[in-house]
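Chemist: need a structure here:
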Amino acid sequence: MRALLSVSDKTGVVELARGLTQLGWEIVSTGGTSRALRDAGLSPRDVSDVTGFAEMLDGRVKTLHPAVHGALLARRDHPEHMEALAEQKIVPIDLVAVNLYPFRATAARSGVSPADVIEQIDIGGPSMLRSAAKNFDAVTVIVEPRDYGRVLAALQAGDDDLDLRRTLAEKAFAHTAAYDAAIASWFAQQRDEKFPETVTLSTTRQQKLRYGENPDQAAAFYVDFPGAGLSSLVQRGGKELSFNNLLDLEGALHTVDPYTSENACAIIKHTTPCGLAVGTSAIDAYRKALACDPVSAFGSVIAFTLPVDAATADAVSSLFIEVIVSPSFTDEAVEILGRKKNLRVLEGRATWTPNSLDYKRVRGGVLVQERPRTVIDDEGWKVMTTREPSAEERRDLLFVWRAVAAVKSNAIVLARDGATIGIGAGQMSRVDAAFLAVHKAQQQGHETKGAVLGSDAYFPFRDGIDQAADAGVTAIVQPGGSIRDAEVIAAANDRGIAMIFTGKRQFRH
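Modeler: Numbering: from 1, shown residues only. Alright, predicted model coming up:
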């Protein structure tokens, strides 16, 4: 029996080769893999001995030869295939362990040249994987070091495990597809094309989930690559994350993204904030955020932009919540939160990979757009009313403009002193969203007089302005752009409200 080992990631390859050698297998290898095996005291045969040709073109050509691919593709149950091998003096290859040049890691390096990236496009490796995987009836193909152990165990047991070979073949084709997708994406980026003609999505299953949005829906969590985004967070306590937990977790991090340079806390329910605030400390921000709507905060997900200490953990643990996420927790905070056995405690900073796009599934296709902005500032703002906002109002207007970006449309948010006090989310009309925001604020006993208001899109009529004025709102920030802007501005002037147009809309459907 013959195995060909040619790996970029040398993890476990010595142990695999040693185990195969003990079973009487002949090892064929290439380049750096061959050197690693010899350094470990093994005696692999160079692939050039098998092909009769030395490696050439700086290693670009070494396995692209009939002595390799004929040995992989020949069907053992076809006498004419085996006769052809014998005629050419080709020995069948029964196992291939290959992982590819580190293209993705190279392309992600800062300052790397296009020429260096292109050199990491593996040609021979994918060809061997595809040949071996196509002939899985007879050939075992391995692309992940974590599979070495179970392959060795099956061989040592003398099992002819066709199901295992078929599973490994599936992995090999998925691996080469993902590799090619990464290369195609890189080429598109080189010409600044965000939306190439063909988009191939490549994701890796992080975990199977207990169920989806509802218990009768199966579900799983896939990531761009291991350690990407949410999968980079370290769980320091609590149950396994659910489908809905992950959705709300994304909503929570999306909400605090514009506040990463401030002490912020967001409380999320059904992917939308029910409370958001900045404060002098984590516990101050939490208390201000909770005050917005403590009833809706039951069963929520909470995100912090700063470390959580014992006092904050103690305050949070008095409320039933599903998930808490923070850049870090003190050991005492982890111990306090750990008393809630079902509370998921996540630590770290999950970020989007560069140039990420936003995908929304529709029947028969996918809608693709740029990711929403995470840097939200007051650049380009224009005061449209006679009255200018005060410095204090301006600070709250920037806060509420960032806040409204995380609220489902139609969205209206009331805020004062760096905290939301009323949120109207997901309404079919903007006046209803304004009514709900005022109602929620007053329901919790918040003083709406002197508050500011943010709207994710323009006011189509003056009725929303009048409603805000009746509640005592003194300043409004909105995109503008309605055919009735003049009427809306006049309404604000009539009611003594300062109003800013941002020129940018922040819909979140």
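
Chemist: can you pull the contacts of Leu397?
Modeler: Contacts for Leu397 (CB atoms under 8 Å, 6 or more residues apart in numbering) come out as Asp378, Pro389, Val452, Gly454, Ala475, Ile476, Val477, Ile500. Backbone N, C-alpha and C define where each C-beta goes, glycine included.

Chemist: From these, list the buried ones, please.
Modeler: Neighbour counting by 16 or more other CB atoms under 10 Å classes Pro389, Val452, Gly454, Ala475, Ile476, Val477, Ile500 among the contacts of Leu397 as buried.

Chemist: and which of the residues you listed is nearest to Pro258?
Modeler: Gly454 (12.3 Å; CB to CB).

Chemist: Contact partners for that closest one?
Modeler: Leu397, Val400, Trp401, Ala403, Val404, Ala411, Ile412, Val413, Ala415, Ile476, Val477, Gln478.

Chemist: Where does pLDDT dip in the chain?
Modeler: 52-54, 56, 58-59, 61-62, 64 (pLDDT under 70).

Chemist: what about the longest helix in it?
Modeler: helix 162-190 (DSSP state H).

Chemist: Give me the outermost residue of this protein relative to its centroid.
Modeler: Glu87 (52.6 Å; CA atoms, centre = their mean).

Chemist: Check the gap between that one and Ala419 for me.
Modeler: Applying CB to CB, to the nearest Å, the value for Glu87 to Ala419 is 82 Å.

Chemist: Which residue ranges of the stretch 401-509 of the chain form helices?
Modeler: 430-443, 463-470, 485-494 (DSSP state H, counting those that start in this stretch).

Chemist: Output those helices in a markdown table; the columns should cover mean neighbour count.
Modeler: Shown next, in a markdown table, are the helices of the stretch 401-509 of the chain (neighbours: other CB atoms under 10 Å):
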| stretch | mean neighbour count |
| --- | --- |
| helix 430-443 | 21 |
| helix 463-470 | 21 |
| helix 485-494 | 18 |
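
Chemist: and Phe221, what element?
Modeler: Assessed by DSSP states H and E, Phe221 sits inside strand 219-223.

Chemist: contact partners of that strand?
Modeler: By CB under 8 Å, 6+ apart, strand 219-223 touches 203-213, 229-231, 241, 243, 246.

Chemist: Would you map the helices across the stretch 101-250 of the chain?
Modeler: 103-107, 114-118, 124-134, 148-156, 162-190, 243-256.

Chemist: of the contacts of Leu397, closest to Thr140?
Modeler: Using CB to CB, the contacts of Leu397 come closest to Thr140 at Gly454, 59.8 Å.

Chemist: what's the spacing between the closest one and Ala285?
Modeler: From Gly454 over to Ala285 (counting by CB to CB), the distance is 18 Å.

Chemist: do the same with Val301
Modeler: In terms of CB to CB, Val301 sits 15 Å off from Ala285.

Chemist: same thing with Asp432?
Modeler: In terms of CB to CB, Asp432 sits 29 Å off from Ala285.

Chemist: buried ones in the strand holding Phe221?
Modeler: Applying 16+ other CB under 10 Å to strand 219-223 flags Ala219, Phe221, Val223 as buried.

Chemist: How about stretch 251-259?
Modeler: Buried residues in stretch 251-259 (16+ other CB under 10 Å): Gly251, Ala252, Leu253, His254, Thr255, Val256, Asp257, Pro258, Tyr259.

Chemist: quick check, distance from it to the centre of its chain.
Modeler: The chain centre lies 14 Å from the centre of stretch 251-259; the measure is CA atoms, centre = their mean, to the nearest Å.

Chemist: In this protein, which residue is most central in space?
Modeler: So for the chain, CA atoms, centre = their mean, it's Gly229, sitting 3.8 Å from the centre.

Chemist: That residue: what's it in contact with?
Modeler: Val223, Ala350, Thr351, Trp352, Thr353.

Chemist: The fourth one against Pro372, yeah?
Modeler: No. At 10.1 Å, Trp352 and Pro372 do not qualify as touching, with contact defined as CB atoms under 8 Å.

Chemist: what's next to stretch 199-212, contact-wise?
Modeler: So stretch 199-212 is contacted by 177-178, 180-182, 184-185, 217-226, 231, 240-243, 246, 359, 366, 368 (CB under 8 Å, 6+ apart).
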